[in-house]
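# Let me see the structure of the following:
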Amino acid sequence: MVTKGNAFDPNCPTRTILDRIGDKWTVLVVLSLRNGPLRFTELRDGIGRVAPKVLTQTLRRMERDGLITREVYPEIPPRVVYTLTPMGASLIEPISVITDWAETHVPAITKAQAAYDELA
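A predicted model of the protein is given here:
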């Protein structure tokens, strides 16, 4: 029987998982791959402003966590393609909802930040 984690337990790995899926680069990789497999440069260019080293680290962690697969084709030069696994694809809907919420509320949040900063 598989037991469910408890995010409020400081020793539960759920916290690490939440940290991973809450990372902005992971979010953007999931959204980028939602329409199908992409090569590294396609991911990097689509995401924008991500250092190759940071993207590589993010992709390795996501592969280790079972969220994406990395397929290397024996060509010259080698072609590497990243694809969401079924578990990774199950993040598309919740991440899309949160992304939509963030995009919708940007003006209100920016306004609240400016008002707060004005008082500080």
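
# Tell me where the protein is predicted with low confidence.
In the predicted model, the chain carries pLDDT under 70 at residues 2.

# if you take the average position of it, which residue is closest to it?
Per CA atoms, centre = their mean, the C-alpha nearest to the average position across the chain is that of residue 26, at 1.6 Å.

# That one and residue 63 touch, don't they?
No - the criterion here is CB atoms under 8 Å, and residue 26 misses it with residue 63 at 11.5 Å. Glycine gets a C-beta too; all of them are placed from N, C-alpha and C.

# Mind listing the shared neighbours of the two?
For the pair residue 26 and residue 63, no residue contacts each of them under the criterion CB atoms under 8 Å, 6 or more residues apart in numbering.

# Touching whatever helix or strand residue 19 lives in from outside, list them.
With elements delineated by DSSP states H and E, residue 19 resides in helix 14-21, which encompasses its position. If you take CB under 8 Å, 6+ apart as the criterion, helix 14-21 is touched by 5, 6, 7, 26, 27, 61, 62, 65, 91, 95.

# For PyMOL, what selects the buried ones among these?
Only the buried members of the contacts of helix 14-21 end up in this PyMOL selection, burial being decided by 16 or more other CB atoms under 10 Å:
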select buried, resi 26+27+62+65+91+95
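
# Strands along the chain, start to end?
If you assign secondary structure with DSSP state E, the strands in the chain sit at 38-39, 68-73, 79-84.

# With mean neighbour count and distance to residue 17 as added columns, please give the ones you listed in JSON lines.
Conversion of the strands of the chain to JSON lines gives the following (neighbours: other CB atoms under 10 Å; distance: least, CB to CB, whole Å):
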{"stretch": "strand 38-39", "mean neighbour count": "14", "distance to residue 17": "23"}
{"stretch": "strand 68-73", "mean neighbour count": "13", "distance to residue 17": "15"}
{"stretch": "strand 79-84", "mean neighbour count": "16", "distance to residue 17": "16"}
